[in-house]
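Novice: Everything below, folded, please.
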Amino acid sequence: MSGIVIDRQAAIDDQHLPTQAQLTRWVGDVLARHPDDPRQELTVRFVDPDESRSLNHDYRGKDKPTNVLSFPFENPPGITLPLLGDLVICHAIVVNEAEEQHKALEHHYAHMVIHGTLHLLGYDHIEEEDAEVMEQCERELLAALGIKDPYIGDI
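Specialist: Coordinates of the predicted model:
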């Protein structure tokens, strides 16, 4: 998927953040499942817990940091842009979850980026049926990367 454009932003300083190449691979794998969707541009921003908590509070009404927030872009009426949206990922939360769940950090990051990108495409997990569809898609994408099912134990 050579048309993918990812604006990688790091509001934190950490050498363990995913690279541009990793982000492009993970997002590209998701977008390859949606070849008719022309949206190929997104921002991935890595933040600290304070910024995550603030955004989570303002947009979801939850006063705590979270692993990944997805902000789908909505084209203005009559204008078509290739923008998919923004992912905001709290590095500290992802690191803590990976450690607690005994997962390789890279594997957990792949899951969070895939999960967030699916949200940008309209997937959701509020209803049980929708959650199963989304989670199955995640399992298949992660398996293609050699990553075990994140919903059943350790990686």
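Novice: can you map out the strands along the protein?
Specialist: With DSSP state E as the criterion, the chain has strands at 5-10, 41-47, 68-72, 83-90.
Novice: Distance check, the residue lying closest to residue 75 once chain neighbours are set aside against residue 73.
Specialist: The spatial neighbour of residue 75 that comes closest, neighbours along the chain excluded (Cβ to Cβ, 6 or more residues apart in numbering), is residue 81 at 5.6 Å. Backbone N, C-alpha and C define where each C-beta goes, glycine included. Distance from residue 81 to residue 73, counting by Cβ to Cβ, to the nearest Å: 7 Å.
Novice: Which one of the two is surrounded by more residues?
Specialist: For residue 81 versus residue 73, neighbours defined as other Cβ atoms under 10 Å are more numerous around residue 73 (15 against 12).
Novice: Surely the more buried one is in contact with residue 84?
Specialist: Yes: counting by Cβ atoms under 8 Å, residue 73 touches residue 84, with 6.2 Å between them.
Novice: residues shared between the contacts of the two?
Specialist: Common contacts of residue 73 and residue 84 (Cβ atoms under 8 Å, 6 or more residues apart in numbering): 39, 120.
Novice: what's near enough to touch residue 82?
Specialist: 3, 5, 38, 39, 40, 41.
Novice: rewinding a little: and the strands of the chain as TSV, adding distance to residue 112 and mean pLDDT?
Specialist: Converted to TSV, those look like this (distance: least, Cβ to Cβ, whole Å; pLDDT from 0 to 100):
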stretch	distance to residue 112	mean pLDDT
strand 5-10	14	96
strand 41-47	10	97
strand 68-72	5	97
strand 83-90	6	97
